[in-house]
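Student: Predicted coordinates and the sequence they were generated for:
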Amino acid sequence: MTWNTALSRLVVEKSCDAVAQWDQECRLIYANPAFAKRMGRGVDSLLGKTMRELGQPEHVATLWSKKLQVVLETAQPIEHAFVFATPTGDGLYQSCLVPDLAADGTVAHVLTIDREITSCKKAGQKAAALKERLQATLDSSLYVVQGFEAVRDEQGKIVDFTWVMLNRKGIEQNGDVLGKSLLRRNPGVIETGLFNLFVQVTETGAPIEREQYYRHEQFNGWFHQIVAKMGDGFIMNTKDITEQKKTAHSLQENRELLKATIDSSADMIQVFKAVRNEEGEIVDFVWILNNLASEKVYGDVIGKSLLALNPGVVQEGIFDTFKRVVQTGQSDKSERHYVHEQFKGWYYQSTVKLDDGVATTTTDISKLKKAEKENLQLTLKQQKKLLIAVLGAQEIERRRISESLHNGVAQLLYAAKLQVDDAAKDIPAENVQKLNKLLTEAIHETRRVSHELALFMLKDLGAEQAILEMCRRFECESLRLECQVAKLDLTLEPYQELALYRISQELINNIIRHSKATEAKLLLYQEGELIHLKVRDNGIGMNESSSKHRGIGLRSIKDTVKLLNGTFDIAKSPTGAGTQVTIAIPIEQGKIKCLVPD
């Protein structure tokens, strides 16, 4: 190898690139220190060897020899990238093969200069991989991602932008626009002010996020945009939010409609959210919604405590109802008498679960309750008048019959008895005795019936003693009749005493006439604000035959009890045989009790 100058040789010897010279048989005839270092051997041990003899793989050595032959034959330099095996591992090299010409112009040798490009290759691969990942990331975005570079005039003023980057959604939206003008493709950015916005971001570097309505070119809708500076330009993320805007608008309209609907209600409509402690227990509720009717009562209470403003809900059980509805999901409908805080009256409240809270609708029914009470009182007064009229009519009829029996039938029987006494001398004594006995019994029975009809005992003794006396008279050899009448805590009105007496009388008459009982018991007592009358026997019970006979009497009793606002029940006797009739009549201060509370 010849060198033009000593300086050239020095440069080659000190070079970091591997420099070698090959003869026409592709054997190494010169190697600088960098080449020897790459091979991990001394220079003398390398000279005279081919690439194969230097230990390179067959495919590397073969390709190397072919490249050398091309230079030897063509006398033209070429470049060749190849993998070279070294003691420290394979490396990637870029080789320049240069012909070394002889005096006759033929190629005497081939000079090779090899530069390792492994790190560059790796860096390039890494950059490519990063680029692929970046593109994949951008393509996976729900936004349209676009990058723009500023176009400036001679004075440096931005007059346009060109596309320099697009993700997949951007290509779907705009097509192939890389390198193309923004203003030519989308002139609407001038009218909407977007162009000035893009210039502002590029010049100031301050990012901007906004929602923009755009109805130019192929667009007609709402878009969410994030614009940030990128080099001498900007990058923009754009998402179509038209559907969200429509949904939000529809939701707002629905909310306004709902608000108008609940505000139009005369009832109080409220929504509460549960307040829980660390253990998850509900300890309070707070208001999160009030309609107009509720606001008139409470004012602005959104976010405030239910227990702080209405502690009475604990005493009345409303707080426990709210908790139960939240915990079980089962709705509740209740009428409540509430006399706490600013409320005093009757309320109907419907409560349903709503998320972790309740929604309630409360109706003031105080006027309705008052009207019901007044109507019931009016009805009861009418019933009382009707009952008094019925009982009065019955007593007038009974008195007439009583007088007829006493003044008519009894006198006739007595006269008949006198006639029998006068004719006794002409009639056998035995027959006279029988006639006198029959007449005496008839006279006594007539007087008894007359007394029962005329109610002398009730007037003289009162209901309790009159009923006891009646039981004593009804008792006979065939029927053991036990009567227990407790002293009442109040004084009854005459019509009530009369009704109780006649009911008791009719029940005992039914037993005597139809039940074939040998034992019977009558109980009359007061329990709280109810008077109870119980009559039972050990007779044949309520079979079809007895029902026909008792029908009129029982129907009359039921009608009377109904007019007294009481209850009537007939069932099998608890002793197992016979029948028991149970009657309960509400009494208060000597009057029929009103069942509607104040």
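Tutor: Now that the structure is in, tell me what you want to look at.

Student: C-alpha only now, for contacts and for neighbours.
Tutor: OK.

Student: model confidence over the strand or helix carrying C471, on average?
Tutor: If you go by DSSP states H and E, C471 is part of helix 463-474. The average pLDDT for helix 463-474 rounds to 79.

Student: got it, and stretch 114-126?
Tutor: 70.

Student: quick one on the thing from earlier: can you list contacts of the helix holding C471?
Tutor: 457-458, 481-487, 497-498, 500-501, 504-505, 508 (CA atoms under 8 Å, 6 or more residues apart in numbering).

Student: closest to D160 among those?
Tutor: L500 (108.6 Å; CA to CA).

Student: Go ahead and report the secondary structure state at the closest one.
Tutor: Here L500 is recorded as helix under DSSP: H, G, I helix; E, B strand; the rest coil.

Student: Please name the nearest non-neighbouring residue to it.
Tutor: A463 (7.4 Å; CA to CA, 6 or more residues apart in numbering).

Student: Distance check, the one you found against D559.
Tutor: 20 Å (CA to CA, to the nearest Å).

Student: of the two, who's got more company?
Tutor: For the pair A463 and D559, the greater number of neighbours falls to A463 (23 against 14), based on other CA atoms under 10 Å.

Student: what's the spacing between the more buried one and L101?
Tutor: A463 is 155 Å from L101, by CA to CA.

Student: Next, count neighbours for Q218.
Tutor: Neighbour tally, Q218, other CA under 10 Å: 9.

Student: do the one 10 residues further on as well
Tutor: A228 is flanked by 21 other residues according to other CA under 10 Å.

Student: Per-residue pLDDT of it, please?
Tutor: At A228, pLDDT is 92.

Student: before we move on, what about L438?
Tutor: 68.

Student: mind listing what M39 touches?
Tutor: So M39 contacts T86, P87 (CA under 8 Å, 6+ apart).

Student: Roughly how far does it sit from A20?
Tutor: With distances taken as CA to CA, M39 is found 12 Å from A20.

Student: Could you export stretch 224-243 as CSV, CA atoms only?
Tutor: Extracted C-alpha coordinates of stretch 224-243, given in CSV (Å, rounded to 0.1, in the frame of the first residue of the first chain):
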residue,chain,number,x,y,z
HIS,A,224,-64.9,20.4,22.0
GLN,A,225,-61.4,21.6,21.1
ILE,A,226,-58.1,21.7,22.9
VAL,A,227,-55.5,23.8,21.1
ALA,A,228,-51.8,23.8,22.2
LYS,A,229,-48.6,25.2,20.7
MET,A,230,-46.3,22.7,18.8
GLY,A,231,-43.2,24.2,17.2
ASP,A,232,-44.1,27.0,14.9
GLY,A,233,-47.7,25.9,14.8
PHE,A,234,-50.2,24.1,17.0
ILE,A,235,-51.7,20.7,17.7
MET,A,236,-55.5,20.5,18.1
ASN,A,237,-57.7,17.8,19.6
THR,A,238,-61.3,17.9,18.4
LYS,A,239,-64.3,15.9,19.5
ASP,A,240,-67.8,16.0,18.1
ILE,A,241,-70.1,16.7,21.1
THR,A,242,-73.3,17.4,19.1
GLU,A,243,-75.2,14.5,20.5
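
Student: Can you list the buried residues in that stretch?
Tutor: 224-229, 233-241 (16 or more other CA atoms under 10 Å).

Student: how about the helices of the stretch 451-598 of the chain, start to end?
Tutor: Assigned by DSSP state H, counting those that start in this stretch, the stretch 451-598 of the chain shows helices spanning 456-461, 463-474, 494-510, 544-563.

Student: Can you name the residues that contact Q349?
Tutor: Q349 touches D332, K333, S334, E335, R336, T360, T361, T362, T363, counting by CA under 8 Å, 6+ apart.

Student: most surrounded residue in those?
Tutor: If you rank the contacts of Q349 by neighbour count (other CA under 10 Å), T360 sits at the top with 22 neighbours.

Student: For it, which residues are in contact?
Tutor: M268, I269, Q270, V271, Q349, S350, T351, V352.

Student: check which helix or strand covers the nearest residue to the fifth one once chain neighbours are set aside.
Tutor: If I follow you right, that is Q349. Leaving aside its sequence neighbours, Q349 sits nearest to T362 (CA to CA, 6+ apart; 4.4 Å). T362 is part of strand 357-364, with elements assigned from DSSP H and E.

Student: try V301
Tutor: Using DSSP H and E, V301 falls outside every helix and strand.

Student: residues contacting it?
Tutor: W287, E295.

Student: where exactly do the strands run in the stretch 51-200 of the chain?
Tutor: 78-86, 89-101, 107-116, 144-152, 158-166 (DSSP state E, counting those that start in this stretch).
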